[in-house]
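Engineer: I would like the atomic coordinates for the input below:
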Amino acid sequence: MSQKRDRLKRLKDVSELAFNAELTRLAEIKQEEEPFRARIREIDQARNNRTAILTVAEGFDMASLMGADRTWDKWAKQEKRKAMLALAKLAERRETQLERTRKAFGKKDALDRLAERDVSKR
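Structural biologist: Below is the predicted model:
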């Protein structure tokens, strides 16, 4: 019986390590997302600032007259699209990793319950 308990404890420890490894991978993906989220916020803020400037401006705006605003706006849309595409790819990876993490948690939880039941039988 002692050999069975030792084996169960080792399995429980391994499942805990596996679960923690999966959680770490999930956290790494989350960190990879942050620069892209920051880039989107930066672009949105710049667009809002430009809109606010144009709203209160009196007279003609040279950037608008020369077409620079349209060029910048096109560039900003492209940059935002790139960041959103990168986020979408990361979201796909995150979902796959989340499934792995759920499975690891299920195994860990099952082994924890088995160990609890074994302790309560003693």
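Engineer: which stretches of this protein aren't confidently modelled?
Structural biologist: Along the chain, segments meeting pLDDT under 70 span 1, 61-65, 122.
Engineer: residue nearest the centroid of it?
Structural biologist: K30 (2.9 Å; CA atoms, centre = their mean).
Engineer: Which secondary structure element is home to the nearest residue to it once chain neighbours are set aside?
Structural biologist: If the residues on either side of it in the chain are set aside, K30 comes closest to R94, at 7.2 Å by CB to CB, 6 or more residues apart in numbering. For glycine as for every other residue, the C-beta is placed from the backbone atoms N, C-alpha and C. Using DSSP states H and E, R94 maps to helix 68-121.
Engineer: which secondary structure elements does that helix contact?
Structural biologist: Packing partners of helix 68-121 (3 or more CB pairs under 8 Å, 6 or more residues apart in numbering; DSSP states H and E): helix 2-56, helix 62-66.
Engineer: okay if I get those as TSV plus distance to D109?
Structural biologist: Shown next, in TSV, are the helices and strands packed on helix 68-121 (distance: least, CB to CB, whole Å):
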stretch	distance to D109
helix 2-56	9
helix 62-66	59
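Engineer: Relative to L111, which of those is closest?
Structural biologist: L111 lies closest to helix 2-56 among these, at 4.4 Å (CB to CB).
Engineer: just how off-centre is that closest one within its chain?
Structural biologist: Centre-to-centre, helix 2-56 and its host chain are 4 Å apart (CA atoms, centre = their mean, to the nearest Å).
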